[in-house]
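Colleague: let me see the structure of the following:
(2 chains)
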Amino acid sequence: MPKILTIEDDAPTAAEISRELVDNGFEVDWAADGAEGLRRGLSGGYDAITLDRLLPDLDGLAVAEALKGQGVDTPILMISALDQVDERVRGLRAGGDDYLTKPFSPAEMVARIEVLLRRRKADAEKLVLRLGDLELDLVAQMARRSGRDLRLVPKELKLLELFVRNPGQVLTRTMIFERVWGYNFDPGTNLIEVHIRGLRNKLELPGTEPLLHTVRGKGYSLRAE
Amino acid sequence: MLNSGYWRTTPFRLAVQFGAAYVLGIAILLGLVYAQTADYLSRRVDRILAAEAGLFRAATPETILRRLDQEAHRDPLNSLALYSAGGQKVAGDIDLPPPQAWPNPFGASRPPSGPMVREFPKQGQRPAVRALAQTLPWGETLIVARDMGQLIELRRILVLALLVSGSIIAVLGLVSGFVLSLDPLRRIQAMQKVSERVVSGDLGVRLPVTGRRDELDAVASISNTIMDEVERLVVHAETAGESIAHELRTPLTRLRATLERTSQSLPLEHPNREDLEACVAEADGVLARFRALLRIAAVEATRRNAGIAPLDLSKLIDQVAELYAPLVAERELYFKVEVAPGVTAPLDKDLFVEAAANLLDNALKFTRPGGTVGLSLERTGSGFALEVSDTGPGIPEGDRALVVKRFYRSAAHHSIPGHGLGLSLVAAVARMHGLKLSFADNAPKGTRVRIEAG
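Modeller: Residues are numbered from 1 along each chain as shown, chains lettered A, B, ... in the order given. You can find the predicted model right below:
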């Protein structure tokens, strides 16, 4: 069972986070301040950390910097009520692996934690990715299903790569928008939906199993049945 | 309205009024001098005339002509004449109407008993004179006249003095009024410019105060105090909304999570599940409004120039067009994209794309299938202009200033989903970059929204 460290000074928020994580099959430890969080984080043994940006005394940025400075490579999800435009950059620069702005939907947080956990294991250097009968060749910039070229345009290839690198993961539309297009704002429902539909139409050849699934109220997931 | 109205300023009016008062004062003064002098001269002349006439008191009909001859050249200013009882001139060196014809206030029926004194204006060679007519005991009339040229000359001098000094004062009054009104006028114009900025939403500016402590300074100080208070109240009102959004979103997020969990714990066919999902969707709507509101506040609080870097705007807008193309196609709309190549501008990439996306979302929302959504980027003299157009219902002239206000939604479009914050965000982004946001008709139908440098 993956173990998560939640560093959060606000007890109701911490309870909410841990409840959601426990419901999704994680084990959660809670640290109520930065010093305690840093001590536990340094001791190791965690698969991921959720770190509140604003903490009394030792602030979230300092905790992230200290952890990374000590060579701890546990992925960190920064959580912050600060949605100033340059806050995200500062959070990521300090050592956060992902950044989530309050208020967030629990599904969004869980999805991001799961992707962080996967990323740790995933082999980022692989250039030919496979899922079932789907093959994505990043060198040739080509996707094939059952040996047939799917004729994807570059954006679709990038979108598919995100899904193939995170098989079975739920990816929310803000995550997709961030990673494929590189913009950090809520694009609304329809914009991502229509791109997903376009990709899905190309992926699903007659007589093949559906691969790209909509997870209602959460996002999208690529998995072979 | 103030541009050419220097004659309407208080200093100008006062200077002209003072000038007029001075001219009137001088006229009265000179008039008085003239009246007094004329009166004095007349009385003096009258005494001379009476004395001259007195010289003839001892004369008889026999001696009169000789006396007349003797006296005739004694004083060059005096003239003498003798008229018969019938009104014929008998002798003398002056021609005047016969005494019987002299104006008589009592009428011809009552001839005066004593001597008569009258004035006669200049006529031909004869100067203006004052004349005394004395009826002699034997019926003839002696006329003694004295040249009044002095008095006429005096009057001419005084009238000339009045005209010259009056016109100098009038000119001085106008010129000094004009000069005096330049400075207050300049200050009023400066105030007017500041007021225009306040009206256009810049509450941080204040009227200039010169420190001279004059009445304009007093008015400016009073207005500034009022504006301080207005700004405080507006900021208070705005941040109150933000504080509420900030405070409520955490409990609301928890509420939403609980609703969602409860709904998902129920079997799919459970009768309450649909209601709970509707509650979750409603909570999502409220959270989306809060998020948008806080996002606008964040953009407004962002220091100007923070995150702004030179950007290949042509490339960026091409990417936005590519991002939206599938959505436009799905709505069965024609997408007209015109992007001038090689346009660069210093912009915050994320915020600018977010603003453009908001404009495109609006355009898509309001255009029916078969219509056209336009996205264009052009190079202009002052930089660039980005335009998003649609063939929807358009924004009525009167609504254009309102659509950028938070939560404003046109009464005509309440059926179209939205929370009325999209254009507020666009306006905030434009303001942060110092860009101009404007709305125009897209003939024959629809709206053109333009963001331009300048």
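Colleague: and residue 20, what does it touch?
Modeller: Looking at chain A here, since you left the chain open. A:Pro106, A:Met109, A:Val110, B:Ala257 (C-beta atoms under 8 Å, 6 or more residues apart in numbering or on different chains). In this view, the C-beta of every residue, glycine as well, is placed from N, C-alpha and C.
Colleague: nope, chain B
Modeller: Contacts for B:Ala20 (C-beta under 8 Å, 6+ apart) come out as B:Ala170, B:Gly173.
Colleague: assign it to helix, strand or coil.
Modeller: The three-state label given to B:Ala20 by DSSP: H, G, I helix; E, B strand; the rest coil is helix.
Colleague: and it, how far is that from B:Gly204?
Modeller: Going from B:Ala20 to B:Gly204 by C-beta to C-beta, to the nearest Å gives 46 Å.
Colleague: also B:Leu287?
Modeller: For B:Leu287 relative to B:Gly204 (C-beta to C-beta), the value is 32 Å.
Colleague: what pLDDT does the residue lying closest to A:Lys102 once chain neighbours are set aside get?
Modeller: Computed as C-beta to C-beta, 6 or more residues apart in numbering or on different chains, the closest residue to A:Lys102 that is not its neighbour in sequence is A:Ala81, at 4.4 Å. At A:Ala81, the model reports a pLDDT of 74.
Colleague: the nearest residue in space to B:Arg331 that is not next to it in sequence: neighbour count?
Modeller: With C-beta to C-beta, 6+ apart as the criterion, B:Arg331 has its nearest non-adjacent residue at 5.9 Å, and that residue is B:Leu364. B:Leu364 is flanked by 21 other residues according to other C-beta atoms under 10 Å in any protein chain shown.
Colleague: what strand or helix carries B:Leu364?
Modeller: Assigned by DSSP states H and E, B:Leu364 belongs to helix B:349-366.
Colleague: tell me what that helix is packed against?
Modeller: strand B:309-312, helix B:313-330, strand B:372-380, strand B:383-389, helix B:422-433, strand B:447-452 (3 or more C-beta pairs under 8 Å, 6 or more residues apart in numbering or on different chains; DSSP states H and E).
Colleague: and the first one, is it in reach of chain A?
Modeller: It refers to strand B:309-312. No. Using C-beta under 8 Å from any C-beta of the partner chain, strand B:309-312 stays clear of chain A, with a minimum separation of 11.7 Å.
Colleague: tell me the spacing between B:Asp361 and B:Leu323.
Modeller: 11 Å.
Colleague: list residues touching both of these two?
Modeller: Contacts common to B:Asp361 and B:Leu323, judged by C-beta under 8 Å, 6+ apart, are A:Leu191.
Colleague: for these two, indicate the residue with more neighbours.
Modeller: Taking neighbours as other C-beta under 10 Å, B:Asp361 and B:Leu323 compare with B:Leu323 leading, 23 against 19.
Colleague: got the domain ranges for chain A?
Modeller: For chain A, automatic domain parsing gives the domain ranges A:3-121, A:128-222.
Colleague: any low-confidence regions in chain A?
Modeller: Within chain A, the stretches with pLDDT under 70 are A:82-85, A:120-125, A:225.
Colleague: assign A:Glu135 to helix, strand or coil.
Modeller: Following three-state DSSP, A:Glu135 is assigned to strand.
Colleague: kindly tell me how buried it is, as a neighbour count.
Modeller: Applying other C-beta under 10 Å, we find 17 residues neighbouring A:Glu135.
Colleague: isn't it up against A:Arg148?
Modeller: No. Between A:Glu135 and A:Arg148 there is no contact under C-beta atoms under 8 Å: 10.2 Å.
Colleague: where's the closest residue in space to B:Asp441 that isn't next to it in sequence relative to B:Asn442, distance?
Modeller: Nearest non-adjacent residue to B:Asp441, counting by C-beta to C-beta, 6+ apart: B:Gly394, 6.1 Å away. Distance of B:Gly394 to B:Asn442, computed by C-beta to C-beta: 7 Å.
Colleague: look at B:Ser376 and say how many residues are nearby.
Modeller: Residues lying near B:Ser376 (other C-beta under 10 Å) number 18.
Colleague: tell me the bridge partners for it.
Modeller: Per DSSP bridges, the residues bridged to B:Ser376 are B:Glu338, B:Glu387.
Colleague: so who does it touch?
Modeller: Taking C-beta under 8 Å, 6+ apart, we find B:Ser376 in contact with B:Lys336, B:Val337, B:Glu338, B:Val339, B:Leu386, B:Glu387, B:Ser389.
Colleague: pull out the buried members of those.
Modeller: Buried subset of those (neighbour count, 16 or more other C-beta atoms under 10 Å in any protein chain shown): B:Val337, B:Val339, B:Leu386, B:Glu387, B:Ser389.
Colleague: so the third one touches B:Glu452, yeah?
Modeller: Yes. Checked against C-beta under 8 Å, the pair B:Leu386 and B:Glu452 is within contact range at 7.2 Å.
Colleague: what segments of chain A are helices?
Modeller: Counting by DSSP state H, chain A has these helices, from start to end: A:11-23, A:34-43, A:60-69, A:87-94, A:106-121, A:154-165, A:173-176, A:189-203.
Colleague: report the angle between the first one and helix A:106-121.
Modeller: Angle between the axes of helix A:11-23 and helix A:106-121 is 60 degrees (criterion: axes from the mean of the first three to the mean of the last three C-alpha atoms, to 10 degrees).
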